[in-house]
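[1] Mind looking at a prediction? Sequence and model below.
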Amino acid sequence: MKERKYNLLTAVAMIVGIVIGSGIFFKSDNVLAFTGGNVRDGVIVFCVAAIAIIFGSLSLSQLALLTDEPGGLLTYANEFSSPKLACALGWFESFLYYPTLAVVVSWVAGVYACGLFGWEGTLTNQMLFGGAAMILLWVMNVLSAKLGGLFQSAAFLIKLIPLVLIAVAGLIWGDVPAAFLANPTSVGAAGLFAAIVPIAFAFDGWVIATSICGEIKDSKKNLPRAMILSPIMILAVYVAYFVGISALVGPEQILALGDAHVEMAATTLFGPIGAKLMVIFVIISVLGTSNGLILGGMRLPYALGLRGMMPAKDYLTKENEKLGGMPVGSTVVMLVGMLFWWCVHFLSMKFDLLPGSDISEIAIVVHYLLFIPLYLSVIKLCKQGRITNKFYGYVSPVLACVGSLIVLIGGFQNKLFPLYLVICAIVVIAALVFFHKNRENINK
């Protein structure tokens, strides 16, 4: 039994630290693009998207309270839904979710690094920096889990600096009324739904928070409280930043500059030297997100191997004592996946194979779709009397399902979504085929 060492305040800080990452820095322009530069609509979509987060986290917290087993979503699916869902979800996250997001986030670090060091901002330069950073982070985590954790903690503190400074400065010295008056015509429901996908990317990571349930004091009261307070705080920070940078730079300028709008905002506030320092903070923040994805992804094949839900389970679960018990085989799966998707991302960007999109959007929407069976499990457990609070057992999961469907509708606004759905279906079907062929050897 884990020591209950975290109070409510600490739990909230940890969850906020897990979720707030790099997405808000390079997705603000995407949100404005989908809303036609309408800041008001962007704020509305941020609030709507938060529904999926708040009620989703509340619902999954009920599952976390019913088990002491580690493993997060994989464990909840295995214990409360079905081993088949656990296998499908594990493969989906191992081969799609974690590696694609790690690649895209690392590439974004390369985008900012080119501006910082004065390199030509070519795709090749951006991808080479991102790929090298990604591999170095992987090596660091394989050689020293402690070092990887320290970097993650440092990145959390650093990532708040540019967010808070730009948000506060923009709200105080920026032209907030002008930002809201720019492009006053709404793009309609289709544009608003489409804007939900990049926002979902910025909010992503909240499900990891349920894994700390066993370490929270009085978790039956404090975990639900933390799951309500944390998304609200994250929403407040994101909206403040979004409005602040829109007021500081202007919606039209943000749309014209793309990801470079962050550096312009920093230059406006602090001058060239201050801007360089701010971009360094952003790069560290972005790499911190990539590090978190690598940390989570490199251990997932190990968890699947322990349950017999992935081929070569002996290789995946073999722990290297010289590296502190690190399951090297499991980490290699993550590395190979990242290198594969690095190549796919490079080609898709170079030849504009995914116009207006990138490979990170392949997994985001379907990930929310896979949460729905877990929300339905919460309702089932409430009917059985294992969850006694009716709001958490019925209302919360129903609203969480609505939130997931909203994200799904947003995904459908992308013309490439059918292609993304096919790619995800291939991975899920492969997992189910493996499960059925090896069901006698799977540890349920």
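    Looks like it came in fine.
[2] pretty sure Arg386 belongs to a strand, no?
    No - according to DSSP: H, G, I helix; E, B strand; the rest coil, the state of Arg386 is coil, so it is not within a strand.
[3] any idea how far it is from Leu171?
    In this view, Arg386 and Leu171 are 45 Å apart by C-beta to C-beta, to the nearest Å. In short, each C-beta sits where N, CA and C put it, glycine included.
[4] And for Gly36?
    Shown here: Gly36 relative to Leu171, a distance of 23 Å by C-beta to C-beta.
[5] Tell me which of those two has more neighbours.
    Counted by other C-beta atoms under 10 Å, Gly36 and Leu171 do not tie: Gly36 has more neighbours, with 19 against 16.
[6] Verify the contact between the more buried one and Ala194 for me.
    No - counting by C-beta atoms under 8 Å, Gly36 stays clear of Ala194, with 10.7 Å between them.
[7] okay but Met227 is in contact with Val16, surely?
    No - using C-beta under 8 Å, Met227 makes no contact with Val16, being 11.5 Å away.
[8] the more surrounded of these two?
    Met227 (29 against 20).
[9] That one and Ile234: what is the separation?
    11 Å.
[10] How about Glu252?
    Note on Glu252: its distance to Ile234, by C-beta to C-beta, is 27 Å.
[11] Now stretch 185-201: buried residues?
    Across stretch 185-201, burial judged by 16 or more other C-beta atoms under 10 Å covers 187, 191-201.
[12] Check stretch 100-113 too.
    100-113.
[13] same deal with stretch 364-383?
    Neighbour-count burial for stretch 364-383 flags 364-368, 370-379, 381-382 (criterion: 16+ other C-beta under 10 Å).
[14] Convert it to PDB, retaining C-alpha atoms only.
    Provided in PDB are the C-alpha atoms of stretch 364-383 (Å, rounded to 0.1, in the frame of the first residue of the first chain):
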ATOM      1  CA  ILE A 364      -6.300  12.800 -30.000                       C
ATOM      2  CA  VAL A 365      -9.900  12.500 -31.000                       C
ATOM      3  CA  VAL A 366     -10.000   8.700 -31.000                       C
ATOM      4  CA  HIS A 367      -8.400   8.700 -27.600                       C
ATOM      5  CA  TYR A 368     -11.500  10.500 -26.300                       C
ATOM      6  CA  LEU A 369     -13.700   8.000 -28.100                       C
ATOM      7  CA  LEU A 370     -12.000   5.100 -26.200                       C
ATOM      8  CA  PHE A 371     -12.700   6.800 -22.900                       C
ATOM      9  CA  ILE A 372     -16.500   6.300 -23.400                       C
ATOM     10  CA  PRO A 373     -16.500   2.500 -22.400                       C
ATOM     11  CA  LEU A 374     -14.800   3.600 -19.200                       C
ATOM     12  CA  TYR A 375     -17.400   6.200 -18.500                       C
ATOM     13  CA  LEU A 376     -20.100   3.600 -19.000                       C
ATOM     14  CA  SER A 377     -18.300   1.300 -16.600                       C
ATOM     15  CA  VAL A 378     -18.700   4.100 -13.900                       C
ATOM     16  CA  ILE A 379     -22.500   4.000 -14.500                       C
ATOM     17  CA  LYS A 380     -22.500   0.200 -14.300                       C
ATOM     18  CA  LEU A 381     -20.600   0.300 -11.000                       C
ATOM     19  CA  CYS A 382     -23.000   2.900  -9.600                       C
ATOM     20  CA  LYS A 383     -25.900   0.600 -10.400                       C
END
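[15] And the pLDDT at Ala209?
    We note a pLDDT of 61 for Ala209 in this prediction.
[16] and if you look at Glu3?
    52.
[17] Which residue ranges of the stretch 1-150 of the chain form helices?
    Ranges of helices within the stretch 1-150 of the chain are 8-19, 23-34, 39-64, 73-76, 83-92, 98-117, 123-143, 145-173, based on DSSP state H, counting those that start in this stretch.
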